[in-house]
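Colleague: For reference, the sequence and a predicted model appear below.
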Amino acid sequence: MKNAHPREPQQGAVSPEIQAYGTIISRQIALKSEVCLASVKTLNQVLADTMTLRDLYKKHHWQTGGPAFYSLHLLFDKHYGEQSLLMDELAERIQQLGGVSLAMAADVAETTQIERPPRGREEPPAQVRRQLAAHERLIHAVRTGAHTSATAGDDGTNDLLVSQVLKTNEMQVWFLSAHLDVPATAEK
């Protein structure tokens, strides 16, 4: 019988964690550990909200209907894909900073600040308004995190939050807003 490599998991065996959630390991990226830890915390919140927003898009993609069905069905799926790409960028930045990214649905559900939708199906205008409210919550967190990371000198996190996450979410808000019958109001 061939011996298993000592690092290979054995069937039924439980492996100990090698890094606890909420901790960081030191990376040689010229940032203080407290800056990395603060950025990881912010990025995990944004990641949880991004994962929730992504799933909200898929729910609405499957459940939309009415006269705008085709355009909303395609739009929701397009935005789902864009949010999925952002998730990967956020999780990888967390790892670059030495942190542990959220990954499981239960952890995301405990962390997200986006309101949970009903299990049932909503009318398309309600779906769009729900998406817009989720975007607004996420955009607020992104702006706060971008300011904090810039102030702390974490330019990599700031760049990700501003040039990718904020830009994508603002673009999606613009596209969603066009599907509401209510005209936008100009502010002076």
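Modeller: Cool, got the structure. What you see is a predicted model, and the numbers here were worked out from it, not measured in a lab. Residues are numbered from 1 along each chain as shown.
Colleague: now the residue positioned nearest the centre of the chain: how far from Ile94?
Modeller: With distances taken as CA atoms, centre = their mean, the residue of the chain nearest its centroid is Thr50 (2.0 Å). Distance from Thr50 to Ile94, counting by CB to CB, to the nearest Å: 12 Å. To be clear about C-beta, it is placed using only N, CA and C from the backbone, and glycine gets the same treatment.
Colleague: ok, now Ala126?
Modeller: Ala126 is 33 Å from Ile94, by CB to CB.
Colleague: between those two, who's got more neighbours?
Modeller: Between Ala126 and Ile94, counted using other CB atoms under 10 Å, Ile94 has the larger neighbour count: 24 against 13.
Colleague: Where does that one sit, in terms of helix or strand?
Modeller: Assigned by DSSP states H and E, Ile94 falls within helix 69-96.
Colleague: so how far is that helix off the chain centroid?
Modeller: 8 Å (CA atoms, centre = their mean, to the nearest Å).
Colleague: same for that helix, what does it pack against?
Modeller: For helix 69-96, the packing partners by 3 or more CB pairs under 8 Å, 6 or more residues apart in numbering; DSSP states H and E come out as helix 33-63, helix 124-152, helix 155-159, helix 167-177.
Colleague: In whatever helix or strand comes next after it, which residues are buried?
Modeller: Sequence order places helix 105-111 as the next helix or strand after helix 69-96, per DSSP H and E. Neighbour counts using 16 or more other CB atoms under 10 Å place Val108 of helix 105-111 among the buried residues.
Colleague: Regarding stretch 149-156, how distant is the last residue from the first?
Modeller: 9 Å (CA to CA, to the nearest Å).
Colleague: residues making contact with that stretch?
Modeller: 29, 31, 35-36, 38-39, 42, 93, 96-97, 157-158, 161 (CB atoms under 8 Å, 6 or more residues apart in numbering).
Colleague: of the residues you listed, buried ones?
Modeller: Of these, these count as buried by 16+ other CB under 10 Å: 31, 35-36, 38-39, 42, 93, 96-97, 157-158, 161.
Colleague: Looking at these, which is nearest Ala68?
Modeller: Leu161 (31.6 Å; CB to CB).
Colleague: Spatially, and excluding backbone neighbours, which residue is closest to that closest one.
Modeller: Among residues not flanking Leu161 along the chain, Ala146 sits closest, at 4.2 Å (CB to CB, 6 or more residues apart in numbering).
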